[in-house]
Structures are given as C-alpha cells and as structure tokens.
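Q: The sequence and its predicted three-dimensional model are supplied below.
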Amino acid sequence: QQQTQNSSPERYKEEVDTPSKAPDYTTGSVSFQSGSFNTSTLFNIPPIEPPGTKLKNAYLIMIGVMIGIFLVGSGIILFLKPPEKSSPGSATNAKTTPPSGMVYIEGGTFKMGDDRGESFDAPSHEVTVKPFFIDKMEVTNQDYKKFIDETNSSPPQNWKGYQFPPGTDLKPVTGIDWQQAASYAKWAGKRLPTEIEWEYAARGKDGRAYPWGDDWKEGAAVSKELKVDNPMPKGSIPTGASPFGILDMSGNVSEWTADNFTLYEGNKGKLDQKLKSMKVVRGGSYKSEKKFVTTYSRIPLDPLFKDPSLGFRCVKSIE
C-alpha cells in the first residue's frame, strides 16, 4: 500500500507538472526537480544563437574583405606608379637643393678659355665639370666678421682692428690674401672654386664672353667704365647675372680661385718659373677695363698679395 501511494498518478503528475525552474533554451539544457539533462546531447540539437548573430558575423566578414581589397589595391597602385621626373638642372631633391646663399650648378661639358683674349687665355678647349654649389654673390664684410669673431683670425688689412668700415657690411670683403680666403671657406664648410668651376658658372655652355652674353653692355658690370672708386654692395647689378643666375662674376672685385697658375694644354708659350707658384684670379674688378672682366680672363697673383679690389666667393662639392 505504501508503494502504491508513492507511485499514484496524482503524485507523478505533480512532480512532472512542477519543474524546479524554466528551461534554458539558449543553452539546450533543461532542469527538473528530479534532475537535469542536456537536450543538445540527448537529441543532437545545436545551441540556439541569439537573433542576428549570423548577420552580424557576415557583416564583419564583409568589412574585413573590403579592407583587405583596399590595402592590396593601394599596394599595387604604389608599386606600379612611375617615379616623378624632375626637369634637367632643377633643384628638386635633397642632393641638388643648394645651401642658403648658394646656387646649384649642373655639371656638363663646355669650351674653356678663348682665342680672342690674352695669350694666357688661349687656346679654347673642351673640359667637363661635375655638379657643384657656388655662392650666388661674393663673400661680404658681414660674412667675414662672423668668421674672425669665432676663430680670432687676422682681420683684413683695410679694417680698423676687428671692425669693418661703417656702411660696408654688404660690400665684398677685400684686403685678404689667398690663405685667408681659403681658411674662411674651410670654416664655412666650403672651399675656393677651381678655375674650371668658376668659368663654367660665369659663362655656361655657349662660350659667351661676358656673363650676360657675347657683347659688352654698358652698366652691366662694376668695371672701370662705370667710374666708381670702390666696390659696390653685393648683387647691385642683377642685369649682369650669368646663365645660372650668379651675380658679380664680371667686375666689382677680382676673385681668388683654388688653382696654381699654369698654361692651358695646347698653349705654345713658355711659363716663367716665378709664375708657377702664383694663384689664378678671375673676374676683374671695378679697376679693370672691360677686356679684363670677361668670363675667360685670368691673372696670376702672388698668394700673399692683398688689395682693396681683391675678394672671393666659395663653392661646395656635391657628395
């Protein structure tokens, strides 16, 4: 009777109809008062995903694919894009961008010397020069003052102590010898120009007699014809610019170069022994007649010589 009472239909129905908690359909697990079992295991039913899960996953996959296509496409475009070309002679990259106050000179081949000048200027001959930078204008008193203040070097002979004359800060420094000019150039991270570099910067490739052209032009150079007693401030006559835009290559002050004086190859003359130790000076000055301010005129001078009409400019090699 005890057994019959415990297993009565009413007792069985009560236990079945009153589960301990609601089924969890998201995990596939159902719990009853008498125990629990996993519906996924029992009936091989996969877990039920929250609404929109598949759509969200598909959306993320689509975004990933689109990003991948974009990155791959961008790489292909960059790989296939041809390099930009720069115009000849233009300073378009770090290697050809000139330092402040200098001009980039593209290397080339030109006719150096001239058969129309003095015997030392001949013969005209072909030479090749590498690219370089050159000062657009001559070194000034203001520039040189910075050098002697920092290095305690000797001042030019026409200064009063360590101070240049009032009002001459932008005029070319003069009254210095070859070694003083070379020392300044080294301090500035530059050097004196070779004869080839100087002439190429002054005349270009077309063999012109003057920086502005083949014929003399009144007022284009600070020469004896201009009738001045002193050099003028740097860059005073822009119409006298060379093909590269370099100023004061004709007149104003003569300029030291790096080279010893020699005869050009093919010159049949004989070089005096004492001239072999001299340096070449170029450009002529405010004291010079027009025939001596040409692009090819060259003068030998003792490296210890100093004069109010003699200065210099610098160049810089391109590595």
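A: Looks like it came in fine.

Q: Residues contacting the longest strand seen in the chain, please?
A: Using DSSP state E, we find that the single longest strand of the chain is strand 254-260. With contacts defined as C-beta atoms under 8 Å, 6 or more residues apart in numbering, strand 254-260 is touched by 138, 178, 181-182, 191-195, 198, 276-285, 288, 299, 309-313. To be clear about C-beta, it is placed using only N, CA and C from the backbone, and glycine gets the same treatment.

Q: Just the buried residues out of these, in ChimeraX syntax.
A: The following ChimeraX line selects those of the contacts of strand 254-260 that are buried, judged by 16 or more other C-beta atoms under 10 Å:
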select :138,178,181,182,191,192,193,194,195,198,278,279,280,281,282,283,284,285,288,299,309,310,311,312,313
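
Q: In helices, which of the contacts of strand 254-260 fall?
A: 178, 181, 182, 195, 198 (DSSP state H).

Q: Columns distance to residue 62 and pLDDT on top of the residues you listed, output as JSON lines?
A: Below are the ones in helices among the contacts of strand 254-260 laid out as JSON lines (distance: C-beta to C-beta, whole Å; pLDDT from 0 to 100):
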{"residue": "178", "distance to residue 62": "77", "pLDDT": "98"}
{"residue": "181", "distance to residue 62": "73", "pLDDT": "98"}
{"residue": "182", "distance to residue 62": "71", "pLDDT": "98"}
{"residue": "195", "distance to residue 62": "72", "pLDDT": "98"}
{"residue": "198", "distance to residue 62": "69", "pLDDT": "98"}
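
Q: Please, where are all the helices along the protein?
A: Going by DSSP H, the chain shows helices at 2-6, 9-17, 39-43, 53-80, 141-151, 178-187, 195-203.

Q: Could you give the average pLDDT over the longest one?
A: Per-residue pLDDT over helix 53-80 has a mean of 62.

Q: again with the second one
A: Across helix 9-17, the average pLDDT comes to 42.

Q: was I right about residue 108 contacting residue 205?
A: Yes - between residue 108 and residue 205 there is a contact at 5.8 Å, judged by C-beta atoms under 8 Å.

Q: quick one, which of those two is more surrounded?
A: Per other C-beta atoms under 10 Å, whichever of residue 108 and residue 205 has more neighbours is residue 108, with 15 against 12.

Q: which residues touch the more buried one?
A: Taking C-beta under 8 Å, 6+ apart as the test, what residue 108 contacts is 128, 129, 200, 205.

Q: now with 10 Å?
A: Going by C-beta atoms under 10 Å, 6 or more residues apart in numbering, residue 108 touches 88, 89, 127, 128, 129, 130, 131, 200, 204, 205.

Q: measure it to residue 206 for me?
A: Distance, residue 108 to residue 206, by C-beta to C-beta, to the nearest Å: 11 Å.

Q: Quick one: distance of stretch 177-189 to the chain centre.
A: A distance of 23 Å separates the centroid of the chain from that of stretch 177-189, by C-alpha atoms, centre = their mean, to the nearest Å.

Q: same deal with stretch 156-166?
A: Centroid displacement of stretch 156-166 relative to its chain, using C-alpha atoms, centre = their mean, is 35 Å.

Q: measure that stretch end to end?
A: Start-to-end span of stretch 156-166 (C-alpha to C-alpha, to the nearest Å) is 14 Å.

Q: for stretch 184-201, same thing?
A: 21 Å.

Q: Over to stretch 164-174?
A: Counting by C-alpha to C-alpha, you get 10 Å between the two ends of stretch 164-174.

Q: So residue 173 sits against residue 146, correct?
A: No - contact criterion C-beta atoms under 10 Å: residue 173 and residue 146 do not qualify, at 11.0 Å.

Q: Quick check: neighbours shared by the two?
A: Shared contacts of residue 173 and residue 146, defined by C-beta under 10 Å, 6+ apart, comprise residue 184.

Q: just to revisit the earlier point, how about the CA coordinates for the longest strand of the chain, as PDB?
A: The C-alpha trace of strand 254-260 is given here as PDB (Å, rounded to 0.1, in the frame of the first residue of the first chain):
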ATOM      1  CA  SER A 254      88.500  90.100 -58.600                       C
ATOM      2  CA  GLU A 255      88.200  86.700 -57.000                       C
ATOM      3  CA  TRP A 256      90.700  84.100 -55.800                       C
ATOM      4  CA  THR A 257      90.500  80.600 -57.100                       C
ATOM      5  CA  ALA A 258      92.000  77.400 -55.800                       C
ATOM      6  CA  ASP A 259      94.300  76.700 -58.600                       C
ATOM      7  CA  ASN A 260      98.000  77.500 -59.300                       C
END
